[in-house]
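Visitor: Build me a model from this:
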Amino acid sequence: MDNDQKKITYADAGVDVNRGYDVVKKIKAHAASTFNKNVLQGLGSFGGFYSLDGENGDVLVAGTDGVGTKLKYAFLSGKNDTVGIDCVAMCVNDIVCQGAKPLLFLDYIATGRINPDTVADVVKGIADGCSQAGCALVGGETAEMPSMYGAGEYDLAGFSVGIVKRDKIINGATITPGCALVGLASSGLHSNGFSLVRRLLGEDVEKLEADKSIGGSLLDVILTPTHIYVKNVLALCGEFDILGIANITGGGFIENIPRIFPNGIGCKVDIRSFPRPDIFSLLAEKSKLSDAELYNAFNMGIGMVLCVKDTDADALVKRANALGEKAYVIGETIAGSGVMLS
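Guide: Got it, this is the predicted structure:
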């Protein structure tokens, strides 16, 4: 790459996040018009809440999401057995942020022409993801839609419901300045930022398969499924007073960590406190993006952030590592707003 080449942003890859924000503003009133007394608001931002048993009973937490344009690499390579794990992860990792245990999952696959082998591979991945999350795959829909998709293409989305006692909901309300942020390592790119990834790395899967510049096949690195944190995070919630949990998905650190803070709280993150996987260094080199821009697009090596009292941080890291996660104290909360990278 020419060192003088200008940086390539998410917008250059065709994604305008402001359109997404505008949509949310426009549809909020429509959703609110359907609410009844069982719909709980203001308890957390990574799932929707529906109370079953009144003041202190069970609350359902629901989440839905898709895999996004990471699917392009699955189509082009014929490797369709891991994106199902991504689909599950995108939903259940949100639900567990509120302290809820995922109960069930449903999938939706749409394609121009059903290829039974491809669908079976995708659903195998979904089942694997459900097993990792400890939830049941109870149903789904496979829609054949001629002329809507190109040959070999499909779309994939999922929906999950979890459960938590109302007094056990994790919502960040008690977070104050001086709390610690503990990061759990990601398995790589997860399922976010792929419109930019495709712009930067291209879609020549044979070339990506042969590229061993960052260790294994670059294609395999790209298709590594999203890590599912559910079982270990629930175990940690049972042993520690977890004040808030952020799933580092679309929007990276910059958008997701502040979602768990009360008004008047921000944070400092030491980006040297955890290792940056080689794939992110490659993307940084090719994109010429600043740290702030990179941490607003990708997870950069941290897939989940747990906020605890400073006195619990070291013990939490030790226990998370014992459970099989790679955990690091990555920062602290401060008075203010937003995320300060250092």
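Visitor: Now do the same contact list for residue 201.
Guide: By C-beta atoms under 8 Å, 6 or more residues apart in numbering, the contact set of residue 201 is 208, 218, 222, 282, 283, 286. For every residue, glycine as well, the C-beta is placed using N, CA and C.
Visitor: now the first one: how far from residue 225?
Guide: Translated: residue 208. 17 Å (C-beta to C-beta, to the nearest Å).
Visitor: who's more crowded, those two?
Guide: Counted by other C-beta atoms under 10 Å, residue 208 and residue 225 do not tie: residue 225 has more neighbours, with 25 against 20.
Visitor: Doesn't that one belong to a strand?
Guide: No. Secondary structure assignment (DSSP: H, G, I helix; E, B strand; the rest coil) places residue 225 in coil, not in a strand.
Visitor: The closest residue to it other than its chain neighbours and residue 215, how far apart?
Guide: Counting by C-beta to C-beta, 6 or more residues apart in numbering, residue 85 is the residue found nearest to residue 225 once chain neighbours are left out, at 3.8 Å. Distance of residue 85 to residue 215, given as C-beta to C-beta: 21 Å.
Visitor: same check, this time on residue 97
Guide: Residue 97 is 31 Å from residue 215, by C-beta to C-beta.
Visitor: between those two, which one's more packed in?
Guide: With neighbours defined as other C-beta under 10 Å, residue 97 and residue 215 compare such that residue 97 has more, 30 against 11.
Visitor: The stretch 151-300 of the chain: helices as residue ranges?
Guide: 194-201, 205-210, 218-223, 230-239, 252-256, 278-287, 291-294 (DSSP state H, counting those that start in this stretch).
Visitor: Show me what counts as buried in the top helix by length along the chain.
Guide: In the chain, assigned by DSSP state H, the helix with the most residues is helix 116-133. The neighbour-count check on helix 116-133 (16 or more other C-beta atoms under 10 Å) flags 118, 121, 122, 123, 125, 126, 127, 128, 129, 130, 132, 133 as buried.
Visitor: Make TSV from those residues and add pLDDT and distance to residue 191 to it.
Guide: As requested, those are exported to TSV (pLDDT from 0 to 100; distance: C-beta to C-beta, whole Å):
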residue	pLDDT	distance to residue 191
118	97	19
121	97	17
122	98	14
123	98	17
125	98	12
126	98	14
127	98	18
128	98	15
129	98	12
130	98	16
132	98	15
133	98	15
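Visitor: Which one of these is nearest to residue 260?
Guide: residue 133 (20.7 Å; C-beta to C-beta).
Visitor: Pretty sure residue 228 is one of the things the closest one touches, is it not?
Guide: Yes. Residue 133 is in contact with residue 228 according to C-beta atoms under 8 Å; the separation is 5.2 Å.
Visitor: just for the protein, where's the confidence low?
Guide: Counting by pLDDT under 70, the ranges of the chain that qualify are 1-5, 7, 10-18, 20-21, 42-44.
Visitor: hang on, the earlier thing: reformat the helices of the stretch 151-300 of the chain as JSON lines; add distance to residue 46.
Guide: Converted to JSON lines, those look like this (distance: least, C-beta to C-beta, whole Å):
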{"stretch": "helix 194-201", "distance to residue 46": "20"}
{"stretch": "helix 205-210", "distance to residue 46": "32"}
{"stretch": "helix 218-223", "distance to residue 46": "25"}
{"stretch": "helix 230-239", "distance to residue 46": "12"}
{"stretch": "helix 252-256", "distance to residue 46": "9"}
{"stretch": "helix 278-287", "distance to residue 46": "23"}
{"stretch": "helix 291-294", "distance to residue 46": "22"}
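Visitor: Right, I'll call it a day here.
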